[in-house]
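Visitor: Based on what follows, work out the 3D shape:
(one chain, ligands or ions: 1)
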Amino acid sequence: MSSIVKIEHVTKKMKSLVALDDISLEISEPGIYGFVGPNGSGKSLIFKTILGFLKPDSGQVFVHGKKLRKDILFAEDTGYSMVEYAALADKTGRQNLELMDILASEKHDLDKLLRYVGLDPNNQRTYKEYSLGMKQRLLLAMAMLSDPSLLIFDEPTNALDEDGQEFLKRLVLEQRKRGKTLLISSHDKTFITDVADKIYYVSEGRIKKEAVNCDEKIDE
Ligand SMILES: Nc1ncnc2c1ncn2[C@@H]1O[C@H](COP(=O)(O)OP(=O)(O)OP(=O)(O)O)[C@@H](O)[C@H]1O
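Guide: Next up, the predicted model:
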């Protein structure tokens with residue numbers, strides 16, 4: 001069976017900084033993979049590399065066995081939530097999802113999906129009028145719209161209140177139960193230790209350590 005995600009010796013310079021420094025990792029089993037590390041350590045860049053949004057200077061990336069920039073341009077069967085690639089500001093949550101459906105020539109049950117992430121399908125507020133927590137929820141819905149087998153959530157715990165955190169925990173555990181693979185970065189160590197099967201510790205553009213998440217304490 002081919003890997004779900006495989007990164008081989010990826011290096012990326014951003015101006016004079018070596019932002020990704022010989023990164024290699026292989027994910028072969030569905031499950032939840034946590035990425036932790038200080039601000040600027042390279043977590044988002046690793047995700048962008050997997051998605052195909054960032055071209056490495058060297059090294060190779062495979063998603064579902066297909067080589068990026070050779071077999072495919074962007075990761076297939078993959079959903080992502082990243083604030084940088086956010087929703088359209090002047091559209092409601094539902095309109096944003098409708099647009100994605102139109103672009104993909106698909107027709108999903110958007111009301112059900114909005115309710116699943118805890119948003120009211122009839123809410124007429126536009127994305128720019130959403131609270132940060134509501135924005136996070138909509139980004140999760142957008143990531144899950146086509147029910148992809150690989151989900152990449154960059155800092156999904158940001159701006160979530162206690163209920164939001166509980167909701168997110170339930171959501172990711174449910175997705176794992178459905179056989180999905182989730183890559184999640186977060187500064188919330190309790191959240192990551194609670195949900196992740198394996199944790200990658202990122203520091204200065206390197207994967208400093210990887211650990212199967214038993215009861216090991218996260219110490220950076
Ligand atoms: N477009 C860019 N141009 C220049 N440098 C960049 C760019 N994007 C990221 N970097 C730099 O690359 C390094 C890694 O950034 P990255 O966003 O991956 O960090 P991160 O671990 O996700 O941080 P955070 O926890 O704050 O989200 C940082 O030093 C950042 O400043």
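
Visitor: what are the phi and psi angles of residue 173?
Guide: Phi and psi for residue 173, reported as degrees, to the nearest 10, are phi -70, psi -40.

Visitor: show me the residues around it that make contact.
Guide: For residue 173, the contacting residues are 32, 195, by CB atoms under 8 Å, 6 or more residues apart in numbering. Any C-beta I mention is one placed from the backbone N, CA and C, and that applies to glycine too.

Visitor: and the gap between it and residue 167?
Guide: Counting by CB to CB, to the nearest Å, the separation of residue 173 from residue 167 is 11 Å.

Visitor: What of residue 149?
Guide: Residue 149 is 22 Å from residue 167, by CB to CB.

Visitor: again, but for residue 59
Guide: From residue 59 over to residue 167 the distance is 36 Å, taken as CB to CB.

Visitor: How about residue 119?
Guide: 11 Å.

Visitor: Between these two, tell me which one has more neighbours.
Guide: The neighbour count for residue 119 versus residue 167, taken as other CB atoms under 10 Å, is higher for residue 119 (22 against 18).

Visitor: Give me the pLDDT value at the more buried one.
Guide: For residue 119, the pLDDT comes out at 96.

Visitor: Please apply the same query to residue 160.
Guide: The model's pLDDT for residue 160 equals 88.

Visitor: distance of the closest residue to it other than its chain neighbours from residue 58?
Guide: Once flanking residues are discounted, residue 160 sits nearest to residue 133: 5.4 Å by CB to CB, 6 or more residues apart in numbering. Distance of residue 133 to residue 58, computed by CB to CB: 39 Å.

Visitor: try residue 107
Guide: 42 Å.

Visitor: Just want to know which of those two has more residues nearby.
Guide: residue 58 (12 against 9).

Visitor: and that one, what does it touch?
Guide: 9-11.

Visitor: Spell out which residues of the chain are next to the ligand.
Guide: 14-15, 17, 19, 37, 39-45 (CB under 6 Å from any ligand atom).

Visitor: Kindly recompute the last result at 8 Å.
Guide: By CB under 8 Å from any ligand atom, the residues of the chain that approach the ligand are 14-15, 17, 19-20, 37-48, 154-155, 185, 187, 202, 205.

Visitor: Can I get the contacts of residue 58 in JSON lines including distance to residue 112, secondary structure and pLDDT?
Guide: Listed next are those as JSON lines, based on distance: CB to CB, whole Å; DSSP: H, G, I helix; E, B strand; the rest coil; pLDDT from 0 to 100:
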{"residue": "9", "distance to residue 112": "42", "secondary structure": "strand", "pLDDT": "98"}
{"residue": "10", "distance to residue 112": "38", "secondary structure": "strand", "pLDDT": "98"}
{"residue": "11", "distance to residue 112": "43", "secondary structure": "strand", "pLDDT": "98"}
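
Visitor: Please, where are all the helices along this protein?
Guide: With DSSP state H, the ranges of helices along the chain come out as 43-51, 93-103, 110-116, 132-144, 162-177, 189-195.
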